[in-house]
Structure formats: structure tokens, C-alpha cells
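1. sequence unknown, structure follows:
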């Protein structure tokens, strides 16, 4: 069971589906990843736990008084939703929080707060289709680009950051660009002046090393 799901289940008796609470917890995980300093001598799990729990508590606190989302917040939520959809089409991949912030002309913190709004006011589920069409539509969560199938299980086990700190600088940089900044392998190759195939080999080798290290824990 991933750390976020484990923490979300602590709030399961408050009348909301665990799946929705996990979505709230993922916002806290995003914030923790964005703010975590690999050079700090602290376990990532120690850092991320209070951030995720705080996000969940804020969710319930805000829902306690929220009745209707003010127009200003509705407009912010709508703007972010439209930007996510547009960037997804233009880039041919899921945009990162940084790219959404740049397109919106705001800070990454504001983007994350915009995501919180949807939860706090129950205005729209992150799994709701962006264009309102239930059939074959992409959801807001699917467009965010916060997870990758190769890395999601590693992140949820809350041991990734300390293991990454042990990697050579180039491999660590490739992981950061791929999973935290959302660059494609081709974009990373261009930035590092190496071939895409070389990036792929380094990425696969590094992920295998991380998995092996985590399985020993």
C-alpha cells in the first residue's frame, strides 16, 4: 500500500470515498516533492507525511464552511482546467505543474492552490472529464503529468529521495528531468547533448538500481 493511500485511509470514517481522499493526499505529495531538498539529512517519508496529513486536514476543514465557490475561484479553476487541456494537446504529453504555471502567468504554488480549490469546495472531481463529456474524455488528473508508470510505485513507497541522493549526478539529473519536470527522453537527450537511446539505457539502468535497493528495505 502506498504511503498516500495509507495516510488517506486514516480519514476514511469521515464520510468520503478513500479514492477521493487519495487524490487530496496526492496534492500534498506533489508539494512535498517540489519542496524537498535532497541535500537535507532527512528521510523523505519523514518530510512527506505531515505534508500529506496537513493537506487532508485542510480538505475537511475547508469543506466544513464552504457552500458555494466564489466567482473568482470558479474562474481560476476553469482557467487551469482549460490550460491543462490545451497544453496536453500542444505538447503531446501531460504538462507539468511548472508548465501550467508558466502558461497561466502565475506561480506553481498558485496552481497547486487551484487544485485544492476543487477539493475544498467539491466543485469538480479531478477525475471529471475536462470537456464535460463523460465518454472518452481526458480527466484533469490524467492531464497533470505527476506520475509515470515506471516510477509511481517507487514514489509511493516513500524511499525514493534518499536512494536518489546516492546516484551519480548525471543519473540523478535524468530522473529529475524525466519524473519531476516532465521532460521526454528526447528533450532530456537534447539538453544533455547525448542520444535518446543513451538516455533510455541510463534511465532503465537507474530505475532497476532503485527498485533493487528498495526491495532490500
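-> Cool, the structure landed. This is a predicted model, so every value here is computed, not measured.
2. Can you report how many residues lie near residue 84?
-> 25 (other CB atoms under 10 Å). The C-beta positions use only the backbone N, C-alpha and C, and glycine is treated the same way.
3. Compute the distance between it and residue 35, please.
-> Distance, residue 84 to residue 35, using CB to CB, to the nearest Å: 22 Å.
4. Equivalent analysis for residue 189, please.
-> Taking CB to CB, one finds residue 189 at 28 Å from residue 35.
5. more neighbours, those two?
-> Taking neighbours as other CB under 10 Å, residue 189 and residue 35 compare with residue 189 leading, 18 against 11.
6. Okay, and that one sits in which element?
-> Under the criterion of DSSP states H and E, residue 189 resides in helix 185-192.
7. Pick out the least confidently modelled helix or strand of this structure, by mean pLDDT.
-> helix 152-156 (a mean of 39; mean pLDDT, DSSP states H and E).
8. rewinding a little: so what secondary structure elements neighbour the helix holding residue 189?
-> With contacts defined as 3 or more CB pairs under 8 Å, 6 or more residues apart in numbering; DSSP states H and E, helix 185-192 has these neighbours: helix 169-175, helix 196-215.
9. Any idea which of these gets closest to residue 52?
-> Residue 52 lies closest, by CB to CB, to one member of the helices and strands packed on helix 185-192: helix 196-215, at 19.2 Å.
10. how far off helix 185-192 does the closest one point, in degrees?
-> 100 degrees (axes from the mean of the first three to the mean of the last three CA atoms, to 10 degrees).
11. buried residues in helix 196-215?
-> 199, 202, 203, 206, 207, 210, 213 (16 or more other CB atoms under 10 Å).
12. so for it, what's the average pLDDT?
-> Average pLDDT, helix 196-215: 78.
13. Residue 107 and residue 101 touch, don't they?
-> Yes: counting by CB atoms under 8 Å, residue 107 does reach residue 101; the two are 5.8 Å apart.
14. neighbour-wise, which of these two wins?
-> Using other CB under 10 Å as the criterion, residue 107 and residue 101 rank with residue 101 on top: 20 against 13.
15. Remind me what whichever strand or helix holds that one packs against, helices and strands.
-> When elements are assigned from DSSP H and E, residue 101 belongs to helix 97-104. The elements that helix 97-104 packs onto, with contact taken as 3+ CB pairs under 8 Å, 6+ apart, are helix 71-91, helix 108-120.
16. What's the local residue count around residue 186?
-> 12.
17. How much space separates residue 212 from residue 109?
-> Distance from residue 212 to residue 109, by CB to CB: 36 Å.
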